[in-house]
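A.B. asks: task: produce atomic coordinates for the following.
(one chain, ligands or ions: 3)
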Amino acid sequence: SDQVLEIRGLCVDYGIGADAVRAVRDVDLTLHRGEVLGLAGESGSGKSTLAYGLTRLLPPPGVVSGGQVIYHPADGPPVDVLTLSPAKLREFRWAETSIVFQGAMNSLNPVHKVSTQLLDVIRAHEPKSTAAGRLARAKDLLRLVGISADRLDSYPHQLSGGMRQRVMIAMALALEPQVVIMDEPTTALDVVMQRQILGQLAELRERLGFAVLFITHDLSLLVEFSDRIAIMYGGRIVEEAPAARLYREPLHPYTEGLLHSFPALHGPRRELTGIPGSPPDLRAMPSGCAFHPRCPKAFDGCDEQVPVLGAPRVDDPARAVACRLHPAVAPPSR
Ligand code: ATP
Ligand code: SF4
Ligand code: MG
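C.D. replies: Numbers count the residues shown, from 1 in each chain. Ligands and ions are numbered 1, 2, ... in the order given. Below you'll find the model as predicted:
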């Protein structure tokens, strides 16, 4: 099938019972084979929670409270990741999906050389390989992420943050994954580094064929490097479209606001306005459309009706939006 990961109706809560807050609400999202899908939204919109939830790596008190995450292996029948046994889950993580989480570059072990750590991962993935074979593979992997082989003898502290992050990507690629998930922190100031990494991932997937879910608050990066973009607000996906179309013609007022928060890539400068107000409080979500208190286009009923994500045009099923200005005429394409 063309789809590698199908997220259906995913809900994630922090806490249980009366204290629970829902951080991911009924998310449907499909990752296609070999594509780069970008996920953007302000801090607190639920991007990391979604990534941890779908990989079952949620730290407590996080719990997946509903939905399915269907993974389609290159061969064999699809599996629901959320119902896998612990043993099967380990195998799945190892073999199929590599996750490079925010701050991952700090998870390299400071007391071991890069070579030791990379060779360990390769040995775990290819137990029958020879030492010479593993070394050659390690050098190849570093080269793939643009690091020269003589860096193998370095300790993590001898590398820049960007290089450490790329070592983490090399380790992820050692597993020959079908899916790479990158979660970049909103607080990271180094957009130059994010840019390099996303550019490199986009290029590598052309050669290696994996799909990428890249999470960032920086929509301009995604416009440049991803095939499709999904926008998250208050735990929901509010818009989804091919990158170029989302940039040219955003439909959701929140997407428009995000696009006006960064300078135009090409063409005339536009005014940077940002989005007034602040993201919703999970404990007191606004009624109706969660964006209505900040929406410059809100109209009668927006504080009552929750807009559903769907295709606004029959002839354009690849895009979906959850806004009453663009009522769904068809479900989003799968
Ligand atoms: P950022 O861009 O800052 O990384 P994000 O989109 O990744 O933000 P999440 O970290 O997924 O957002 O957080 C989503 C919501 O869940 C936030 O409102 C956050 O306060 C809440 N949250 C996250 N972790 C916990 C936790 N351990 N307990 C309670 N609430 C949490
Ligand atoms: Fe704005 Fe209403 Fe659309 Fe929500 S549904 S984004 S409040 S116009
Ligand atoms: Mg996050």
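A.B. asks: wait, residue 198 touches residue 218, no?
C.D. replies: No. Residue 198 is not in contact with residue 218 according to Cβ atoms under 8 Å; the separation is 9.2 Å. For every residue, glycine as well, the C-beta is placed using N, CA and C.
A.B. asks: how is the chain partitioned into domains?
C.D. replies: For the chain, the structural domains run 3-96+179-321, 105-176, going by automatic domain parsing.
A.B. asks: one step back: which one's more surrounded, residue 198 and residue 218?
C.D. replies: Neighbour totals were compared for residue 198 and residue 218, and residue 198 leads with 23 against 20 (other Cβ atoms under 10 Å).
A.B. asks: just the strands in the stretch 51-200 of the chain please.
C.D. replies: 62-71, 79-80, 97-100, 179-183 (DSSP state E, counting those that start in this stretch).
A.B. asks: so which of those strands is nearest ligand 1?
C.D. replies: Proximity to ligand 1, assessed across the strands of the stretch 51-200 of the chain by Cβ to the nearest ligand atom, is greatest for strand 62-71 (6.1 Å).
A.B. asks: return the list of helices and strands in contact with that closest one.
C.D. replies: strand 3-14, strand 21-32, helix 47-54, strand 79-80 (3 or more Cβ pairs under 8 Å, 6 or more residues apart in numbering; DSSP states H and E).
A.B. asks: what do you get if the cut-off is 7 Å, keeping everything else the same?
C.D. replies: Identification of packing neighbours for strand 62-71 by 3 or more Cβ pairs under 7 Å, 6 or more residues apart in numbering; DSSP states H and E yields strand 3-14, helix 47-54, strand 79-80.
A.B. asks: considering the strands of the stretch 51-200 of the chain, which stretch scores lowest in mean pLDDT?
C.D. replies: Of all those, the minimum mean pLDDT falls on strand 97-100 (a mean of 76).
A.B. asks: what strands line up against that one, and which way round?
C.D. replies: Under the criterion DSSP bridges, strand 97-100 sits next to strand 179-183 (parallel) in its sheet.
A.B. asks: please enumerate the helices of the protein.
C.D. replies: Assigned by DSSP state H, the helices in the chain fall at 47-54, 86-95, 114-125, 131-144, 161-173, 191-208, 219-225, 243-248, 253-259.
A.B. asks: buried deepest among the ones you listed, which one?
C.D. replies: Stretch with highest mean neighbour count among those: helix 47-54 (a mean of 24; mean count of other Cβ atoms under 10 Å).
A.B. asks: give me the contact list for that helix.
C.D. replies: In this structure, residues lying in contact with helix 47-54 by Cβ atoms under 7 Å, 6 or more residues apart in numbering are 7, 10, 12, 23-24, 27, 39, 41, 58, 62, 64, 69, 81, 102, 181, 183, 215, 232.
A.B. asks: ok, of these, which come out buried?
C.D. replies: 7, 10, 12, 23-24, 27, 39, 41, 58, 62, 64, 69, 81, 102, 181, 183, 215, 232 (16 or more other Cβ atoms under 10 Å).
A.B. asks: now, which of these lie close to ligand 1?
C.D. replies: Filtering the buried ones among the contacts of helix 47-54 for proximity to ligand 1 by Cβ under 6 Å from any ligand atom leaves 23, 41.
A.B. asks: give me every residue that touches residue 178.
C.D. replies: 4, 74, 96-97, 210-211.
A.B. asks: in contact with the residue nearest to residue 10 when sequence neighbours are not counted, which residues?
C.D. replies: Counting by Cβ to Cβ, 6 or more residues apart in numbering, residue 10 lies nearest to residue 67, which is 3.6 Å off, once chain neighbours are set aside. Residues in contact with residue 67 (Cβ under 7 Å, 6+ apart) are 7-11.
A.B. asks: look up how far residue 255 lies from the residue in the stretch 101-250 of the chain that ligand 2 sits nearest to.
C.D. replies: Going by Cβ to the nearest ligand atom, ligand 2 is nearest to residue 238 of the stretch 101-250 of the chain, at 7.4 Å. Per Cβ to Cβ, to the nearest Å, residue 238 is found 7 Å from residue 255.
A.B. asks: quickly list what's touching both of these two.
C.D. replies: Contacts common to residue 238 and residue 255, judged by Cβ under 7 Å, 6+ apart, are residue 231.
A.B. asks: and the nearest residue to residue 62 once chain neighbours are set aside, what are its bridge partners?
C.D. replies: Distances taken as Cβ to Cβ, 6+ apart put residue 14 closest to residue 62, at 5.4 Å, once the chain neighbours are dropped. Counting by DSSP bridges, residue 14 forms beta bridges with residue 21, residue 62.
A.B. asks: any weak-confidence spans in the stretch 151-300 of the chain?
C.D. replies: Applying pLDDT under 70 to the stretch 151-300 of the chain picks out residues 185-190, 262-273.
A.B. asks: before we move on, back to that, make CSV out of the domains of the chain and add distance to residue 327.
C.D. replies: Below are the domains of the chain laid out as CSV (distance: least, Cβ to Cβ, whole Å):
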stretch, distance to residue 327
domain 3-96+179-321, 7
domain 105-176, 41
